[in-house]
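**Student:** Could you work out the structure for the sequence below:
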Amino acid sequence: MGRKCQLTGKKANNAFSISHSHRRTKRLQHANLQSKRVWWPQGNRWVKLQLSTKAIKTLQTKGLETMAKEAGINLNKF
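**Tutor:** Numbers count the residues shown, from 1 in each chain. A predicted model of the protein is given here:
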């Protein structure tokens, strides 16, 4: 599994690292991903997902079932 949020699809961004002399080198800005166990009430069990912190915040308001449906994820596989 790559470094990608399983609910929102957030992934790394290409950017430049700029030195004091303004020399540019390529680098990646990774998403802030966290391994999280989330309670799934419809399945009556815990689901372990790799989520961005933004997804964890919206998960509290929307709920796991609706976010998984928007992302097109089958929670029975996790």
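**Student:** So for the most far-flung residue of the chain relative to its centre, what's the pLDDT?
**Tutor:** Using Cα atoms, centre = their mean, the residue of the chain lying farthest from its centre is residue 21. It sits 34.8 Å away. Listed pLDDT for residue 21 reads 98.
**Student:** Enumerate every residue touching it.
**Tutor:** Taking Cβ atoms under 8 Å, 6 or more residues apart in numbering, we find residue 21 in contact with no residue. From N, CA and C alone the C-beta is placed, and that goes for glycine too.
**Student:** same deal with residue 15?
**Tutor:** 26-29.
**Student:** before we move on, back to that, secondary structure class of the residue farthest from the centre of the chain, three-state.
**Tutor:** coil (DSSP: H, G, I helix; E, B strand; the rest coil).
**Student:** That one and residue 27: what is the separation?
**Tutor:** Residue 21 sits 17 Å away from residue 27, going by Cβ to Cβ, to the nearest Å.
**Student:** go on, residue 37?
**Tutor:** Look at residue 37 and residue 27: by Cβ to Cβ, they are 31 Å apart.
**Student:** Neighbour count for these two, which is higher?
**Tutor:** Neighbours were counted for residue 37 and for residue 27 using other Cβ atoms under 10 Å; residue 27 has more, 13 against 9.
**Student:** would you say the more buried one is within a strand?
**Tutor:** Yes. Remark: residue 27 belongs to a strand, assigned using three-state DSSP.
**Student:** For burial, what's the neighbour tally of the residue nearest to it when sequence neighbours are not counted?
**Tutor:** Nearest non-adjacent residue to residue 27, counting by Cβ to Cβ, 6 or more residues apart in numbering: residue 17, 4.4 Å away. A count of nearby residues for residue 17, using other Cβ under 10 Å, gives 11.
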